[in-house]
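Novice: pasting the sequence and the predicted model now:
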Amino acid sequence: MNGIHDLGGMHGMGPVDPEPNEPVFHEVWERRMFGVMMATFAGGYYNVDEFRHGIERMDPAEYLHSSYYEHWLHTVEANLIEKGIIKREDLEAKWAQVAKGAS
Amino acid sequence: MAVLTKEMVSGLVKTGASCRVDYAFTPRFQAGDPVLVRNIHPTGHTRLPRYVRGKRAVVAQDYGVFVFPDTSAHGKGEKPQHVYSVGFTARELWGPQASDRDTLHLDLWDDYLDPVRSSS
């Protein structure tokens, strides 16, 4: 698909600015996200191409505003919902609970 | 349902899961062959970037046979095919103002390429 992910040749994105001594994970949740991806991928819930396509199908503005592991979270959620492993309403209920400060 | 075991983690993290397919058949192109990248705009998943569509290139290397992402992403099977390292000149991609020394190589699936006849 001709989506926002296909950035090759685009101007205005600023310089590539690598962070010195960049850690593998910047936040604890990113480490957890990595584990969730590995477990669900090895579980056979989606293949690598379905994983990538889930990121491509993000809302373009959200795609540009979100980080690498947020993209992972988005596609894992989308794939698990589409494969019937989790229900969208259950996920949204959990998000609402988290937003209220409960764990 | 498969489960991620402790023993699997190290390999998976180090190398990822390979999409190489053990399926030998004759490649359509050889190193040195001129090719024309297809100008296609699939609405589903593809690994073919927009900026190389319709551009001329030369095959640099044949990597072997791999799963085709454009079908695999949509439950339409592996459609195994050769993947090649394909070289473009910067000027072919970005026009006469680009450097005449720079080149770019992309890994492209057989289905993205058309042969260029020597007469053309």
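Specialist: Cool, the structure landed.

Novice: where does pLDDT dip in chain A?
Specialist: Chain A contains residues with pLDDT under 70 at A:102-103.

Novice: actually chain B, not the one I typed
Specialist: B:1, B:118-120.

Novice: how about the contacts made by the most centrally placed residue in it?
Specialist: Taking CA atoms, centre = their mean, the centroid of chain B lies closest to B:L108, which sits 1.4 Å from it. When contacts are counted by CB atoms under 8 Å, 6 or more residues apart in numbering or on different chains, B:L108 touches B:V37, B:R47, B:L48, B:V52, B:V83, B:Y84, B:V86. Every residue, glycine included, has its C-beta placed from N, CA and C.

Novice: how far does the helix or strand harbouring it sit from the chain's center?
Specialist: Applying DSSP states H and E as the criterion places B:L108 in strand B:103-109. Put simply, strand B:103-109 sits 7 Å off its chain's centre (CA atoms, centre = their mean, to the nearest Å).

Novice: after it, next one along is what?
Specialist: Following strand B:103-109 in sequence, per DSSP H and E, is strand B:113-115.

Novice: that next one pairs with which strands, parallel or anti?
Specialist: According to DSSP bridges, strand B:113-115 forms sheet pairs with strand B:34-37 (antiparallel).

Novice: about what we covered before: which one (most neighbours) among the contacts of B:L108?
Specialist: Of all the contacts of B:L108, B:Y84 has the most neighbours under the rule other CB atoms under 10 Å in any protein chain shown, reaching 29 neighbours.

Novice: just the helices from the chain, written as ranges.
Specialist: With no chain named, the answer covers chain A. A:28-42, A:48-56, A:60-65, A:68-82, A:88-99 (DSSP state H).

Novice: that was the other one, I meant chain B.
Specialist: B:6-15, B:69-72, B:90-94.

Novice: OK, contacts around A:M33?
Specialist: A:Y69, A:W72, A:L73, A:V76.

Novice: residues from chain A in reach of chain B?
Specialist: A:1-2, A:6, A:8-9, A:38-39, A:41-44, A:47-50, A:52-53, A:56 (CB under 8 Å from any CB of the partner chain).

Novice: go again using 6 Å as the cut-off
Specialist: A:1-2, A:6, A:8-9, A:38-39, A:42-44, A:47, A:49-50, A:53 (CB under 6 Å from any CB of the partner chain).

Novice: out of those, which is most surrounded?
Specialist: A:H53 (25 neighbours).

Novice: what's the spacing between that one and B:G75?
Specialist: 11 Å (CB to CB, to the nearest Å).

Novice: likewise for B:G11?
Specialist: For B:G11 relative to B:G75 (CB to CB), the value is 26 Å.

Novice: what's the answer for A:H5, then?
Specialist: 21 Å.

Novice: so between those two, which is more surrounded?
Specialist: For A:H5 versus B:G75, neighbours defined as other CB under 10 Å are more numerous around A:H5 (18 against 9).
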